[in-house]
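> Below: sequence and its predicted model.
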Amino acid sequence: MSAATYSQPEIDALWRTLRERRDMRHFLPDPLPDGLLERLVEAAHLAPSVGFMQPWRFIRITEPTLRAQIHTQVEAERRATAAALPSRNDEFLQVKIEGIRDCAEVLVAALMPQREKHLIGRRTLPEMDIASVGCAIQNMWLAARAEGIGLGWVSFFEPDALAALLGLPPGARPLAILCIGQVEAFYPRPMFADAGWGRRLPLAEVLFENRWPEGAGGTPTAY
Ligand SMILES: Cc1cc2nc3c(=O)[nH]c(=O)nc-3n(C[C@H](O)[C@H](O)[C@H](O)COP(=O)(O)O)c2cc1C
């Protein structure tokens, strides 16, 4: 494959996708266009993975009762999280953190079982399997944004309970509930930022040189 750079419009399109991708929690009821879901899974499957282990598995939820049970689990964890916060508990409950009941498609992303057999790149960093699934979901997220489709990553759930609900084999672990669907508009900024739960840090606060600067690196607002 040629090493020539992409054309400027292609580069601009990539940057536009990076800047305009949003975590979405409001969806229209319309179904996805034909073939879109398969393309999104293909985008995920093109992701890099530690030792090329491809540890991601996706479960498409098509039974309405199962979707409702997943929503119930998320709602329980949302309330438990609010109760566990050191402050602003009620305020947190006002923030929308998922669109499970409204989106066109729900996918659960899970780590495959028997991951202990994959040692390459994981002997000292076993969590690189989780990092790889994160890469896959990010691929899907960007592809969805470029195609005008919203995606929301939901991590408010108790993994053992969700694993049991979906019949995951021993060792497999759900990592994300993905809400995917048509949206009226993409949020201009992260919803959490607009709700006062964080801000994008300046680059200077995340890029260091040679050594970790004394006193640097903590989050200014930890919840
Ligand atoms: C690992 C991971 C888990 C997340 N879990 C949730 C979640 O459960 N609910 C939610 O509303 N957003 C969730 N998000 C989305 C973040 O809130 C969002 O990425 C962040 O606020 C920045 O907004 P943006 O993605 O629109 O730029 C998650 C994101 C990541 C990467």
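Received, thanks. Fair warning: this is a prediction, and the values are worked out from it, not measured in the lab.
> Any stretches of this protein with poor pLDDT?
Residue ranges of the chain with pLDDT under 70: 219-223.
> in the sheet, who's paired with the residue nearest the centre of the chain?
Residue closest to the average C-alpha location in the chain (Cα atoms, centre = their mean): W153, at 3.7 Å. Beta-bridge pairing of W153 under DSSP bridges involves L178.
> I figured it hits L178, correct?
Yes: using Cβ atoms under 8 Å, W153 is in contact with L178, at 6.2 Å. Placement of C-beta: from N, CA and C, glycine included.
> what separates P29 from W141, distance-wise?
Remark: distance between P29 and W141 (Cβ to Cβ, to the nearest Å) = 21 Å.
> With neighbour numbers in mind, choose between these two.
Using other Cβ atoms under 10 Å as the criterion, P29 and W141 rank with W141 on top: 25 against 9.
> and the more buried one, which of the three is it?
Secondary structure assignment for W141 (DSSP: H, G, I helix; E, B strand; the rest coil): helix.
> count of residues packed around the residue lying closest to it once chain neighbours are set aside?
Nearest residue to W141, sequence neighbours excluded (Cβ to Cβ, 6 or more residues apart in numbering): L151, at 5.1 Å. Residues within reach of L151, counting by other Cβ under 10 Å, total 26.
> Which stretches in this protein count as helices?
Using DSSP state H, the helices found in the chain span residues 8-20, 36-45, 64-84, 89-93, 128-146, 159-165, 191-194.
> Quick check: buried residues in the last one?
Counting neighbours by 16 or more other Cβ atoms under 10 Å, one finds that the buried residues in helix 191-194 are M191.
> follow-up on the earlier one: next one: the residue nearest to W141 relative to F58, how far apart?
L151 is 13 Å from F58, where distance means Cβ to Cβ.
> Next to the ligand in this structure, residues from this protein, please.
Counting by Cβ under 6 Å from any ligand atom, the residues of the chain close to the ligand are R22, D23, R25, I97, E98, W153, V154, S155, F156, P190, F192.
> Looking at the protein, which residue is nearest the ligand?
Nearest to the ligand, among the residues of the chain, is P190, at 2.9 Å (Cβ to the nearest ligand atom).
> G198 touches P190, doesn't it?
Yes: judged on Cβ under 8 Å, G198 makes contact with P190 at a distance of 7.4 Å.
> separation between R67 and C135?
Counting by Cβ to Cβ, the gap from R67 to C135 is 26 Å.
> nearest spatial neighbour of R199, skipping sequence neighbours?
A193 (5.6 Å).
> tally of neighbours for V154?
22.
> Quick check: it touching I177?
Yes: using Cβ under 8 Å, V154 is in contact with I177, at 4.1 Å.
> intersection of neighbour lists for those two?
When contacts are counted by Cβ atoms under 8 Å, 6 or more residues apart in numbering, V154 and I177 are jointly contacted by V74, E98, I100.
> Can I get the buried part of these as one ChimeraX selection?
Command for ChimeraX that selects the buried part of the shared contacts of V154 and I177, burial taken from 16+ other Cβ under 10 Å:
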select :74,98,100
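> and the shared contacts of V154 and I177 as CSV, adding distance to L37?
CSV is the format used below for the shared contacts of V154 and I177 (distance: Cβ to Cβ, whole Å):
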residue, distance to L37
V74, 21
E98, 19
I100, 16
